[in-house]
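K.L.:
Structural data only, the sequence is not supplied:
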């Protein structure tokens, strides 16, 4: 089945550690996105990529980094510079940047 | 930046009742989307609206794109227990970035938590 796969489902980070969240899609979509969801705050855009080898910062990019080396993959690294990383992270994709986005099932990141 | 005001924040209803929720903004959007999110899962697209005034249905769900392009509503008729979840509106608008290009950015409402009592 076509879809967006995020892994792992749950992730724990120690102080000073970088962690990477995986996002893979087999929908042949050009555009991919990362969002952060906190209780009561809806979804906020971290990074987006319109095409391979290109990505742009969203509203809350500080403390995060991404890469887009392949069309189907858009990993997100939560660096030690992100002081409040505990959240639910959602990856999305769309055919182009102006089409509805479809979401993966998320990764919940917690601090040890 | 763009902001969406979604209301109500939560609703507690009896099975069989109709539900209505809406989103408003001071800004214009090109597309309105409605999503449903179950606990621990990603949002699922319910309805997409592309033109001002458009009224679209998906089973028991009906949504409309406001004439002013600044608002949208979602109605659920004859609610059932599986309608429980968080409903989000989202508006798509153009954002310019360096190099003279632009992209479509989604702005999300805060969500409406729906509880249905059997």
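P.N.:
Nice, I can see it. Computed from a predicted structure; not experimentally measured.

K.L.:
Just the buried residues of stretch A:65-84, please?
P.N.:
Under the neighbour-count criterion of 16 or more other C-beta atoms under 10 Å in any protein chain shown, stretch A:65-84 has A:65-66, A:68, A:71-72, A:74-76, A:78, A:82 buried. C-beta here means a position set from N, CA and C on the backbone, and glycine is covered the same way.

K.L.:
Endpoints of that stretch, how far apart?
P.N.:
With C-alpha to C-alpha, to the nearest Å as the measure, stretch A:65-84 spans 15 Å from end to end.

K.L.:
How about it and chain B, touching?
P.N.:
No - using C-beta under 8 Å from any C-beta of the partner chain, stretch A:65-84 never reaches chain B; the gap is at least 13.8 Å.

K.L.:
contacts for that stretch?
P.N.:
Here stretch A:65-84 makes contact (C-beta atoms under 8 Å, 6 or more residues apart in numbering or on different chains) with A:13, A:15-26, A:28-30, A:32-34, A:46-47, A:49, A:51-55, A:62-64, A:85, A:89, A:91, A:93, A:109.

K.L.:
Up against chain B, what does chain A have?
P.N.:
A:4, A:6, A:31, A:33, A:40-45, A:48, A:50, A:56, A:59, A:90, A:92, A:96-106, A:108.

K.L.:
so of the residues you listed, which ones are in strands?
P.N.:
A:4, A:6, A:31, A:33, A:43-45, A:48, A:50, A:56, A:90, A:92, A:102-103, A:108 (DSSP state E).

K.L.:
which of these tops the neighbour count?
P.N.:
Of all those, residue A:48 has the most neighbours under the rule other C-beta atoms under 10 Å in any protein chain shown, reaching 29 neighbours.

K.L.:
In space, what's closest to the residue positioned nearest the centre of chain A - neighbours in sequence excluded?
P.N.:
Centroid-nearest residue in chain A, with C-alpha atoms, centre = their mean: residue A:34, separated by 3.1 Å. In space, and not counting its chain neighbours, residue A:34 is closest to residue A:46: 4.3 Å by C-beta to C-beta, 6 or more residues apart in numbering or on different chains.

K.L.:
swap in residue B:55?
P.N.:
Closest to residue B:55 by C-beta to C-beta, 6+ apart is residue B:64, at 4.7 Å.

K.L.:
Does that neighbour lie in a helix or a strand, and which?
P.N.:
Assigned by DSSP states H and E, residue B:64 belongs to strand B:61-65.

K.L.:
list the buried ones in that strand?
P.N.:
For strand B:61-65, the neighbour count (16+ other C-beta under 10 Å) marks B:61-65 as buried.

K.L.:
any chance of the residues you listed in CSV, plus pLDDT?
P.N.:
Listed next are the buried residues of strand B:61-65 as CSV, based on pLDDT from 0 to 100:
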residue, pLDDT
B:61, 98
B:62, 98
B:63, 98
B:64, 97
B:65, 96
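
K.L.:
TSV please, covering those residues and showing distance to residue B:42.
P.N.:
Converted to TSV, those look like this (distance: C-beta to C-beta, whole Å):
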residue	distance to residue B:42
B:61	19
B:62	24
B:63	20
B:64	25
B:65	24
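
K.L.:
any low-confidence regions in the chain?
P.N.:
No chain specified, so I'll use chain A. Applying pLDDT under 70 to chain A flags the ranges A:1-2.

K.L.:
meant chain B, my bad for not saying
P.N.:
Applying pLDDT under 70 to chain B flags the ranges B:1-2, B:97-100.
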